[in-house]
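Student: Show me the folded form of this:
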Amino acid sequence: MREPLEAALDELAPGDGDALARVTATRDAARWLEEVGLVEAVERARAGGSTWAQIGAALGVTGTTATTRFGGTPEEREARAQQSRDRAAQRNRVASEAIGATPRDDLPGISVAEAAEKLDVQLGTFRRRVQVARERNSDAFRAAIKLVQLSPKREVMRVVDLEAAARI
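Tutor: Residues are numbered from 1 along each chain as shown. The predicted structure follows:
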């Protein structure tokens, strides 16, 4: 699978050419595959007699999920996609307002990013450790992290004990 995709990308932006052009070409190809190529493949499968359950299984989702995402006319699919984007934008607005309404000085401790810097740990690595510790509900997590609820669907983690955070 990799070789034909590499060859297609080389057609769009040679691998030995401009590295940023290759990044852009890869992003554009991925978007096309997701937005157009996958829809066309599903439409072909349906025209060939495949059921929504079979298509869902091929995608790793349920048949109902496949129907919801790919069923209907292009206009109906676009309307559903727009509704989804609108809901996400509304959630982001609510979260932004909640965050903006909470002065940073009022939040306990320091941010995860500040803690990672003070502990001299890569931020991504520290976030993964914190997430694993949270999932395990470890003592170090409970001692180090305070969860601040900014809104019903938005919380932030604040590090309140650097020594405990170092044990995460």
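
Student: Every contact and neighbour count from this point should use C-alpha atoms.
Tutor: OK.

Student: could you pull out the strands for the protein?
Tutor: 110-111, 145-151, 154-159 (DSSP state E).

Student: Packing partners of the longest one?
Tutor: The elements that strand 145-151 packs onto, with contact taken as 3 or more C-alpha pairs under 8 Å, 6 or more residues apart in numbering; DSSP states H and E, are helix 74-101, strand 154-159.

Student: The last one now?
Tutor: Helices and strands touching strand 154-159, by 3+ C-alpha pairs under 8 Å, 6+ apart, are strand 110-111, helix 112-119, strand 145-151.

Student: R31 is nearest to which of these?
Tutor: For these, proximity to R31 was assessed by C-alpha to C-alpha; helix 112-119 is nearest, at 30.8 Å.

Student: can you pull the buried residues of the closest one?
Tutor: Residues of helix 112-119 classed as buried by neighbour count (16 or more other C-alpha atoms under 10 Å): 112-113, 115-116.

Student: And stretch 65-72, by the same measure?
Tutor: 65-67, 70-71.

Student: Quick one: distance of that stretch to the chain centre.
Tutor: 21 Å (C-alpha atoms, centre = their mean, to the nearest Å).

Student: one step back: deepest of the helices and strands packed on strand 145-151, which one?
Tutor: Sort the helices and strands packed on strand 145-151 by mean neighbour count, taking mean count of other C-alpha atoms under 10 Å, and strand 154-159 sits at the top with a mean of 18.

Student: For it, what does the pLDDT average out to?
Tutor: Average pLDDT, strand 154-159: 86.

Student: ditto for stretch 5-15
Tutor: 81.

Student: Other residues contacting it?
Tutor: 21-22, 25-26, 29 (C-alpha atoms under 8 Å, 6 or more residues apart in numbering).

Student: now stretch 69-83
Tutor: Everything outside stretch 69-83 that qualifies as a contact, by C-alpha under 8 Å, 6+ apart, is 39, 42.

Student: Mind doing that once more with 10 Å?
Tutor: 38-40, 42-43, 46, 52, 55, 63-65, 68, 84-89 (C-alpha atoms under 10 Å, 6 or more residues apart in numbering).
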